[in-house]
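In: no sequence on hand, only this structure:
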């Protein structure tokens with residue numbers, strides 16, 4: 001009887017510790033399960049971050065390409081504007097000079113007349129001086145006559161209105177200038193009207 005009581009007392013003494021150990025294992029077991037099991041939520045989060053990074057990288061590349069295109073367009077616009085400005089400055093007097101060409105033609109016709117009186121000769125001398133001053137002024141603006149007589153016919157500078165057979169000259173040579181042609185710098189503003197040898 002006394003041994004049985006001692007055994008019961010021993011079990012009663014050991015039981016609380018065993019319960020505590022079991023409780024501790026029970027508390028630790030979910031963590032162990034969690035650590036050993038695959039973390040699906042973490043994998044999905046990483047996948048989401050990767051997708052977002054790729055999307056941002058694509059957006060950045062698109063914006064960089066857009067910026068480069070805009071920069072190239074702006075550079076082209078600046079070059080075109082500068083070129084247009086230079087051309088406009090170079091030929092700023094073209095309209096005025098084109099209006100003056102008929103005046104030069106009239107001077108040519110007036111000075112081609114022959115005079116017999118001293119008064120007429122004096123008048124033509126004055127006209128010639130005015131013509132000379134006008135030609136000097138337009139030459140300073142870049143106006144120049146196109147060479148014609150004795151030159152090979154060039155449709156870029158000459159306008160053929162007549163043909164004539166002249167054995168003493170080569171074929172295609174300008175025999176006569178019927179109206180002067182003019183250039184402003186490197187631009188033809190009126191071709192010379194000419195007669196060409198056949």
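Out: It's in. Predicted, not measured: the structure shown is a model, and the values here were computed from it. Numbering: from 1, shown residues only.
In: give the helix, strand or coil label for the residue sitting nearest the centre point of the chain.
Out: In the chain, the residue lying closest to the centroid (CA atoms, centre = their mean) is residue 76, at 2.3 Å. At residue 76 the chain is in helix, as set by DSSP: H, G, I helix; E, B strand; the rest coil.
In: give me the pLDDT value at it.
Out: With respect to pLDDT, residue 76 scores 97.
In: quick one: it from residue 85, how far?
Out: 15 Å (CB to CB, to the nearest Å). Backbone N, C-alpha and C define where each C-beta goes, glycine included.
In: and residue 128, by the same measure?
Out: For residue 128, the distance to residue 85 - CB to CB - is 39 Å.
In: tell me which of those two has more neighbours.
Out: A side-by-side neighbour count of residue 128 and residue 85, using other CB atoms under 10 Å, places residue 128 first with 13 against 10.
In: tell me which element that one is part of?
Out: Assigned by DSSP states H and E, residue 128 falls within helix 118-140.
In: that helix: what's the following helix or strand?
Out: strand 143-145.
In: partners of that next one, with directions?
Out: As defined by DSSP bridges, the strand partners of strand 143-145 come to strand 182-184 (antiparallel).
In: the partner strand: how far from the chain's middle?
Out: Per CA atoms, centre = their mean, to the nearest Å, the displacement of strand 182-184 from the mean C-alpha position of its chain is 29 Å.
In: buried residues in that strand, which are they?
Out: Residues of strand 182-184 classed as buried: 182-184 (neighbour count, 16 or more other CB atoms under 10 Å).
In: what residues does that strand touch?
Out: With contact meaning CB atoms under 8 Å, 6 or more residues apart in numbering, strand 182-184 is reached by 91, 93-94, 97, 101, 141-146, 157, 188-190.
In: so residue 50 is in which element?
Out: Per DSSP H and E: helix 40-90 holds residue 50.
In: and residue 174, what element?
Out: Assigned by DSSP H and E, residue 174 belongs to strand 174-179.
In: which other helices and strands contact that strand?
Out: strand 158-164, strand 192-197 (3 or more CB pairs under 8 Å, 6 or more residues apart in numbering; DSSP states H and E).
In: model confidence over it, on average?
Out: 95.
In: quick one, it and strand 192-197 angle?
Out: On the basis of axes from the mean of the first three to the mean of the last three CA atoms, to 10 degrees, strand 174-179 is oriented at 150 degrees to strand 192-197.
In: tell me the angle strand 174-179 makes with strand 158-164.
Out: Using the same axes, to 10 degrees: strand 174-179 against strand 158-164 is 120 degrees.
In: partner strands of strand 174-179 and their direction?
Out: Going by DSSP bridges, the partners of strand 174-179 are strand 192-197 (antiparallel).
In: so how far is the strand it pairs with from its chain's centroid?
Out: Put simply, strand 192-197 sits 41 Å off its chain's centre (CA atoms, centre = their mean).
In: again with stretch 169-189
Out: Here stretch 169-189 is found 36 Å from its chain centre; the criterion is CA atoms, centre = their mean.
In: pull out the buried positions in that stretch.
Out: Within stretch 169-189, the residues that count as buried by 16+ other CB under 10 Å are 173-175, 177, 181-184, 189.
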